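Asks: Quick one, structure for this:
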Amino acid sequence: MDSQLQTMLAGQVFLLFSGTSFFIVGLAGLAVAAIRRNTGGGVRAFVFLGIWSTMYGVQRLTECSTLVTILPRWLQSCVPYVETSITYLIIVAAALSFRELMVGKLRQLITTLALCGLFIALLAVGWFVVTGEKYTH
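Replies: Next comes the predicted model:
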C-alpha cells in the first residue's frame, strides 16, 4: 500500500510541477507581449505562445486529482468544463502560434485550419454542455 501511495503522489507531483511550469512560462510570454506592445513586431507571436503555454499548464493542473480535491466546491464543478474547453481549443492556440511564423499560402492554410479547429471546438464544448459527454463515439 505504501508503494502504491508513493507512486500515485510521484505522478501528482510531476503534474503539479509541469503544469505550474507551463503556466508560469505562458504568463511570462503574455507579460513580454504586454511590455513589447508599443515597440511593434512579434507581439502576436508572444501572445499566442503565451496563451498556448498557459492553456497547456492549466490542462496539466486539472489532471492532478490532488489539486482538484483541495479546490473550493464551486471551482471543482468548473473543472470538467475547463478541461473540455482546453482540450478542444488548445489546437487553435497552437495553430495561431505557428501562423505568426509563416508567410504566404502556408499562413492562409494555417488560418483556415485554426478556424476549422475553432468551429469544431465550439461544437464539441456545446455538445459537452448539453449532454455532459466529453467525447462522442
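Asks: Let me see the ranges of the helices in this protein.
Replies: Along the chain, the segments classed as helices by DSSP state H run 2-36, 43-62, 65-70, 73-76, 79-99, 104-131.
Asks: For residue 15, give me its contacts.
Replies: Residue 15 makes contact with 60-61, 63-64, 67, according to C-beta atoms under 8 Å, 6 or more residues apart in numbering. Yep, even glycine has a C-beta here, placed from its N, CA and C like the rest.
Asks: Put together a markdown table for these, with pLDDT and neighbour count on each row.
Replies: As requested, the contacts of residue 15 are exported to a markdown table (pLDDT from 0 to 100; neighbours: other C-beta atoms under 10 Å):
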| residue | pLDDT | neighbour count |
| --- | --- | --- |
| 60 | 93 | 21 |
| 61 | 92 | 19 |
| 63 | 90 | 17 |
| 64 | 88 | 20 |
| 67 | 85 | 17 |
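Asks: Tell me the one of those residues nearest residue 2?
Replies: Distance to residue 2, by C-beta to C-beta, is smallest for residue 64 among the contacts of residue 15, at 20.9 Å.
Asks: So for the chain, which residue is the most central one in space?
Replies: Centroid check for the chain by C-alpha atoms, centre = their mean gives residue 55 as the closest residue, at 2.1 Å.
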